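Engineer: Please work out how this folds:
(2 chains)
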Amino acid sequence: AQRVTQPEKLLSVFKGAPVELKCNYSYSGSPELFWYVQYSRQRLQLLLRHISRESIKGFTADLNKGETSFHLKKPFAQEEDSAMYYCALTGKSSGDKLTFGTGTRLAVRP
Amino acid sequence: DAGVIQSPRHEVTEMGQEVTLRCKPISGHDYLFWYRQTMMRGLELLIYFNNNVPIDDSGMPEDRFSAKMPNASFSTLKIQPSEPRDSAVYFCASRGQGSYSGNTIYFGEGSWLTVV
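Structural biologist: As a prediction, this is how the structure comes out:
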């Protein structure tokens, strides 16, 4: 069965510090991985997809198939980055479902 | 496109009452998903449709919950009778197929339900 694990419920950092939000997955086959962000009381928004290999708002994530990880990183955190971050996975063997991790709340302190 | 549209945005109802949540997916999207978000359980997939047909409803918590998609531009999630433990944010989301966005799912703003 597919699973997404985000081990940290809360990550608190100071402004300007590096950020790494961890995401590990289990999946049989080639997964497609996403990071979604949810600002306070707003909808979930796509932050980035691994297939795009893009950087959005300074965030990047690299798929490491050997470690089955898709950690989200940013070299210098900003206060406006404070939000809930969800890692998600889909793939052919999961039908069309997108499975989410439990989320990590990032709090960036001034 | 205005994105995924949900109504009502907020609802407070008494235990035992019927609750109906509505969703209009993005035009042209043929997948529609209903998720529930709570502090305790995070995001849970309740049910999803493809071309208006329910594909997987294994996440629907119990018979009190039902969902329909009578056409490509409208879906409902109904709770009857409602209970306090149903209090949550219910998100609707939609996705296209074979489009530039690939498997990206787009979410509505959610319906905040409180059952007292």
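Engineer: for chain A, what are the low-confidence residue spans?
Structural biologist: Applying pLDDT under 70 to chain A flags the ranges A:93-95.
Engineer: at 90 instead, please
Structural biologist: A:1-3, A:27-32, A:40-43, A:49-57, A:62-63, A:65, A:90-99 (pLDDT under 90).
Engineer: Flag every residue of chain B that's near chain A.
Structural biologist: With C-beta under 8 Å from any C-beta of the partner chain as the criterion, chain B meets chain A at residues B:31, B:33, B:42-43, B:45, B:48, B:50, B:55-56, B:91, B:93, B:95, B:102-110. Where C-beta positions appear, they are placed from N, C-alpha and C, glycine not excepted.
Engineer: can you pull out the strands in the chain?
Structural biologist: The chain I'm using is chain A. With strands called from DSSP state E, chain A shows them at A:3-5, A:10-14, A:19-21, A:24-26, A:32-38, A:44-49, A:60-61, A:72-74, A:83-90, A:99-100, A:104-109.
Engineer: meant chain B, my bad for not saying
Structural biologist: Along chain B, counting by DSSP E, strands occupy B:5-7, B:10-13, B:19-24, B:31-38, B:42-50, B:53-56, B:65-71, B:74-79, B:88-95, B:106-107, B:111-115.
Engineer: which stretch among those comes nearest A:Gln6?
Structural biologist: With C-beta to C-beta as the criterion, A:Gln6 lies closest to strand B:42-50 of those, at 9.1 Å.
Engineer: quick one: buried residues of that closest one?
Structural biologist: B:Gly42, B:Leu43, B:Leu45, B:Leu46, B:Ile47, B:Tyr48, B:Phe49, B:Asn50 (16 or more other C-beta atoms under 10 Å in any protein chain shown).
Engineer: Show me which of the residues of chain B next to chain A are buried.
Structural biologist: Buried among these (16+ other C-beta under 10 Å): B:31, B:33, B:42-43, B:45, B:48, B:50, B:56, B:91, B:93, B:95, B:103-110.
Engineer: Residues contacting stretch A:62-73, please?
Structural biologist: Residues outside stretch A:62-73 that contact it (C-beta atoms under 8 Å, 6 or more residues apart in numbering or on different chains): A:18-27, A:33, A:35, A:47, A:50, A:59-61, A:85, A:87.
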